[in-house]
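S.K.: task: produce atomic coordinates for the following.
(one chain, ligands or ions: 1)
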Amino acid sequence: MVVGDISTGTDVLVIGGGPGGYTAAIRAGQLGLDVTLVERDVIGGTCLNRGCIPSKALLSGTGLAHEATHAAELGIEGDLSVDLGTMVDWKDGVVDQLTGGVEQLCKAAGVKRMEGTAFFSGEHEARVMHGGEGEGSEAVEFEHAIVATGSRPIEIPGFSFDDEPVLDSADALALRAPPERLVVVGAGYIGMELSTVFARLGTEVTVVEMLDDVLPGFEADLARPVEKRADELGVEFHFGQAASEWRHAGAAADGGAETAADEGDESGEASDDVGQEGAGDDGVVVVTEDEEGETYEHPADAVLVAVGREPVTDTLELSNLGLEPDDGGFLATDDQARTAVEHVFAVGDVAGEPMLAHKGMMEGEVAAEVIAGEPVGLDYQAVPAAVFTDPEIATVGMTEAEAEEAGFDPVVGRFPFRASGRALSVGDTDGFVRLVADGEAGFVLGGQVVGPEASELIAEVTLAVEMGARLEDVIATIHTHPTLAEAVREAAANARGKAIHTLNR
Ligand SMILES: Cc1cc2nc3c(=O)[nH]c(=O)nc-3n(C[C@H](O)[C@H](O)[C@H](O)COP(=O)(O)OP(=O)(O)OC[C@H]3O[C@@H](n4cnc5c(N)ncnc54)[C@H](O)[C@@H]3O)c2cc1C
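M.R.: Residues are numbered from 1 along each chain as shown. Coordinates of the predicted model:
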């Protein structure tokens, strides 16, 4: 402790106010624990402020505009203009409403809020550095700590986020005018969602990806429709290429990126209008390289680097707790979200893949309940994942290949949306629902959906996997007609050879 310091004491110190941290804090407060939540920025973390919510708001706004301009078949015609600035103001309003709501929920649960950046100064003590000049710092003594410091975008060599034309996902979500040309480095879910947003706004989008396909990690038949639709939107793909540097279009190839960086720094102000200003009149050139060492040049006005995220654990002075992250910076936890140090828990992105908000929220709840003495644990067999591209993709549990690998003799049922009355009536028939089940007992082991509202439909499959429901349970459930959800029941029936609205396999 610093001499003269007044130390605050708390049962539970939560560091980080994202979905993992605020959920943990609210639940701990509900359980009567004395909780202090430290956040260095705005409450809500990446998810509410610069991740899930803003990206989905812009996907829905641009989706609406895209649908309206492509509905001549329905007799809807007319000129339409989109003002991204206004859409971003609306998106910011959505974010403010949600973060304000979370603040209120914390207050209602009796959570003490502390603004500042925390690090561990002892086994049971943290120091919180308050932001502004002269605001100083204070010590907090705690019984238990929950680390929920989240993640940040990974920078790649040659592409500093400090350089004006180089954007991370947060920068891209704050642009008030679309760039004319955008190179997106990385065809993962963040890269593909943001490519969709900007392609719909008329930006010429070029995606470069080191691997051979979009959405690596998802099965090819799920990713293919996304690539096809993106293609139709005019997105250009270059697979098997890694981005190596960028330079201003007029600059010489040798050392160009450095020149560009210097110029970016000198401007001293963040441009939210990179298409028109940040990159200069001729824009930039993004250089990529394939496995054979051949180089390619992609002209752009901005470059979005979306190659993944890394945990924020390096600023926490974890050694003062006797805790060490793994090589990737993640904190290993047990099935109660507890780290190797008995009284310290880790939840959300810092605790490892999948780095998804709902996984973090569940870990936050469990950590709080464990601290309160409840006999609970985590179960990761049914963690859904959704990609909000066009069409959407959602998955949960095992694929057919994973089920085989795990020793099951799986049976698979499939229902294409082109056979769904609801899909036809909303004019969106690409894709399918697929269920994977244990052939003999019928337990639903997993499911994959690509198509309209996939992110919503996966909830039923997730419940089935979580509850150990059998195909017969799904088939015996009467589904509302006409809905997209009927496709889940039809897929279950198809797996048993008794689907009515599709040919049985
Ligand atoms: C563009 C984008 C789209 C996404 N879309 C989705 C989606 O659709 N669905 C989904 O499930 N996930 C999505 N994610 C991922 C999701 O945002 C994260 O998984 C989630 O936010 C992780 O929650 P968390 O609480 O672990 O960390 P975070 O949300 O990152 O919050 C951590 C918080 O800790 C604070 N902090 C860090 N260090 C300190 C410190 N030393 N002291 C005090 N405070 C500190 C940070 O300021 C931050 O507010 C998306 C992410 C991005 C970038």
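S.K.: give me every residue in the chain lying close to the ligand.
M.R.: By Cβ under 6 Å from any ligand atom, the residues of the chain that approach the ligand are 15-21, 38-41, 45-47, 51-52, 55, 117-118, 148-151, 169, 190, 312, 315-316, 348-349, 355-358, 360, 388. (C-beta placed from N, C-alpha, C; glycine too.)
S.K.: which ones among the residues you listed lie within strands?
M.R.: 15, 38-39, 117-118, 151 (DSSP state E).
S.K.: only the buried subset of the residues of the chain next to the ligand, as a PyMOL command please.
M.R.: To isolate in PyMOL the members of those that are buried, counting by 16 or more other Cβ atoms under 10 Å, one can use:
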select buried, resi 15+16+17+18+19+20+21+38+39+40+45+46+47+51+52+55+117+118+148+149+150+151+169+190+312+316+348+349+355+356+357+358+360+388
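S.K.: which of the residues of the chain next to the ligand fall within helices?
M.R.: Among the residues of the chain next to the ligand, the ones falling in helices (DSSP state H) are 19-21, 45-47, 52, 55, 169, 190, 357-358, 360.
S.K.: how many other residues sit next to the spatially closest residue to residue 404 that is not a sequence neighbour?
M.R.: In space, and not counting its chain neighbours, residue 404 is closest to residue 410: 6.2 Å by Cβ to Cβ, 6 or more residues apart in numbering. Close neighbours of residue 410, defined as other Cβ atoms under 10 Å, add up to 20.
S.K.: could you point out the longest helix in the chain?
M.R.: helix 84-108.
S.K.: by contact count, what packs against that helix?
M.R.: In terms of contacts (3 or more Cβ pairs under 8 Å, 6 or more residues apart in numbering; DSSP states H and E), helix 84-108 is packed against helix 19-30, helix 45-50, helix 52-69, strand 112-115.
S.K.: and if we set it to 10 Å?
M.R.: helix 19-30, strand 35-39, helix 45-50, helix 52-69, strand 112-115, helix 169-174, helix 189-200 (3 or more Cβ pairs under 10 Å, 6 or more residues apart in numbering; DSSP states H and E).
S.K.: pLDDT on that helix, on average?
M.R.: For helix 84-108, mean pLDDT is 98.
S.K.: gap between it and the chain center?
M.R.: Relative to its chain's centre, helix 84-108 lies at 18 Å (Cα atoms, centre = their mean, to the nearest Å).
S.K.: tabulate the helices and strands packed on helix 84-108 (a markdown table), appending distance to residue 223.
M.R.: Putting the helices and strands packed on helix 84-108 into a markdown table (distance: least, Cβ to Cβ, whole Å) gives the following:
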| stretch | distance to residue 223 |
| --- | --- |
| helix 19-30 | 26 |
| strand 35-39 | 36 |
| helix 45-50 | 24 |
| helix 52-69 | 17 |
| strand 112-115 | 42 |
| helix 169-174 | 20 |
| helix 189-200 | 9 |
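S.K.: okay, the ones you listed, which one's buried deepest?
M.R.: Ranked by mean neighbour count, the helices and strands packed on helix 84-108 are led by helix 19-30 with a mean of 28 (mean count of other Cβ atoms under 10 Å).
S.K.: and the angle for it with helix 84-108?
M.R.: Using axes from the mean of the first three to the mean of the last three Cα atoms, to 10 degrees, the inter-axis angle of helix 19-30 relative to helix 84-108 is 30 degrees.
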